[in-house]
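Visitor: Quick check, what structure comes out for this input:
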Amino acid sequence: MTNQSLIKMKMTDPKTIETDSRTLFLLLAEFGTGYIPVDKCAHHFGMETEEAKRAAKRQALPVPTFRLGSQKSPWLISAEILAFYIDTKRKAAEDEWAKLHCTPRGGGVTIVEHHAKK
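Guide: The predicted structure follows:
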C-alpha cells in the first residue's frame with residue numbers, strides 16, 4: 001500500500017486519523033487556528049500561494065480542502081489532517097532512511113544514534 005493510498009484511506013473516516021500531537025500543536029502554534037487557509041500553508045506542499053489555491057479549487061492537493069461560506073471564502077485545510085499528512089511523510093522518510101543505514105540483522109544505528117555521533 002502506498003503512502004498516498006494510506007493517507008486517503010485514513011482521511012475517509014475521521015475517527016481513524018492518528019497524528020503526533022506535537023505536530024498538531026506546532027501547526028496550531030504556527031497558524032493560530034484549527035482551520036488553516038491554503039494560502040498560508042502552501043509552503044508545506046512545496047507550492048507558491050496561487051498554485052496552491054488553484055490546486056485547492058480542483059481538490060488536487062494531497063489533503064482535502066473546503067470553504068466555509070461563499071465562493072469568495074478562502075480555501076481551508078484542517079490542522080489535524082495536515083498534521084497527519086506531515087507525520088505520514090516523516091514516517092515514510094524515516095523508514096527509507098532506516099533501510100539505507102541499518103543492517104537486516106538489526107545492527108547499524110538508529111536515527112538518534114546517527115545524529116548523536118555528529
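Visitor: Okay, now the unreliable bits of the chain?
Guide: Where the chain drops to pLDDT under 70, the residues are 1-20, 103-118.
Visitor: At which residues are the helices of it located?
Guide: Listed in chain order, the helices of the chain (DSSP state H) span residues 3-12, 21-31, 38-41, 49-57, 79-101, 111-116.
Visitor: For those helices, state which one has the densest average packing.
Guide: Among those, judged by mean count of other CB atoms under 10 Å, the one packed with the most neighbours on average is helix 38-41 (a mean of 19). (Glycine included, C-beta is placed from N, CA and C.)
Visitor: Return the list of helices and strands in contact with it.
Guide: helix 49-57, strand 76-78 (3 or more CB pairs under 8 Å, 6 or more residues apart in numbering; DSSP states H and E).
Visitor: related to what we said a few turns ago, would you turn the helices of the chain into a markdown table with distance to residue 69?
Guide: Compiled in a markdown table, these are given as follows (distance: least, CB to CB, whole Å):
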| stretch | distance to residue 69 |
| --- | --- |
| helix 3-12 | 23 |
| helix 21-31 | 19 |
| helix 38-41 | 15 |
| helix 49-57 | 15 |
| helix 79-101 | 19 |
| helix 111-116 | 44 |
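Visitor: Format the helices and strands packed on helix 38-41 as a markdown table; extra columns: distance to residue 90.
Guide: A markdown table is the format used below for the helices and strands packed on helix 38-41 (distance: least, CB to CB, whole Å):
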| stretch | distance to residue 90 |
| --- | --- |
| helix 49-57 | 20 |
| strand 76-78 | 17 |
